[in-house]
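Novice: Okay, sequence plus prediction incoming.
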Amino acid sequence: MWAVKELRDIKKICKKLPAPVVKKYELWKKIVVRHGPEKLKAFPGFHDEKLIGRHAGECSSRLSLQHRVIYSVNRGIVTVFVLEITPHK
């Protein structure tokens, strides 16, 4: 079983996001809690990938064409830390 830890600002950010993006984020969290972040690769709509550059060591999943959830995985504690949900540049 996995745990999803969100930074405090995530709840505030979700209030400003469009409803379909928040709904897909909730689905993303359910998949991660039940099956782990590796299972996201089985869903092509999330386009889950490892990041490079400033976010090296972190991963990204697509919530819409514009919005991404950026997260990191701590395998020692089996925790996924949601760092931000941002518009894709």
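Specialist: Yes, it's here.
Novice: which residue sits closest to residue 36, ignoring its sequence neighbours?
Specialist: Take residue 36 and drop its neighbours on the chain: the residue closest to it by C-beta to C-beta, 6 or more residues apart in numbering is residue 2, 5.2 Å away. Heads up, the C-betas are built off the backbone N, CA and C, glycines and all.
Novice: Against residue 64, how distant is the one you found?
Specialist: Shown here: residue 2 relative to residue 64, a distance of 23 Å by C-beta to C-beta, to the nearest Å.
Novice: before we move on, what about residue 9?
Specialist: Relative to residue 64, residue 9 is positioned 19 Å away (C-beta to C-beta).
Novice: Looking at these two, which is more packed in?
Specialist: More crowded of residue 9 and residue 64, by other C-beta atoms under 10 Å: residue 64, with 15 against 12.
Novice: Over to the more buried one. Which of the three states is it?
Specialist: With DSSP: H, G, I helix; E, B strand; the rest coil as the basis, the three-state label of residue 64 is coil.
Novice: pLDDT score assigned to the closest residue to it other than its chain neighbours?
Specialist: In space, and not counting its chain neighbours, residue 64 is closest to residue 21: 5.2 Å by C-beta to C-beta, 6+ apart. Note for residue 21: predicted pLDDT of 92.
Novice: now do residue 16
Specialist: 88.
Novice: now residue 76
Specialist: At residue 76, the model reports a pLDDT of 62.
Novice: Would you map the helices across the protein?
Specialist: Counting by DSSP state H, the chain has helices at residues 9-16, 19-35.
Novice: Next up, phi/psi of residue 66, please.
Specialist: Dihedral pair for residue 66: phi -100, psi -30, per degrees, to the nearest 10.
Novice: burial count for it?
Specialist: Residue 66 has 13 neighbouring residues, counting by other C-beta under 10 Å.
Novice: need the contact list for the residue positioned nearest the centre of the chain.
Specialist: Among the residues of the chain, the one closest to the centroid is residue 69, at 3.8 Å (C-alpha atoms, centre = their mean). Applying C-beta atoms under 8 Å, 6 or more residues apart in numbering to residue 69 gives the contacts 25, 28, 60-61, 63, 82, 84-85.
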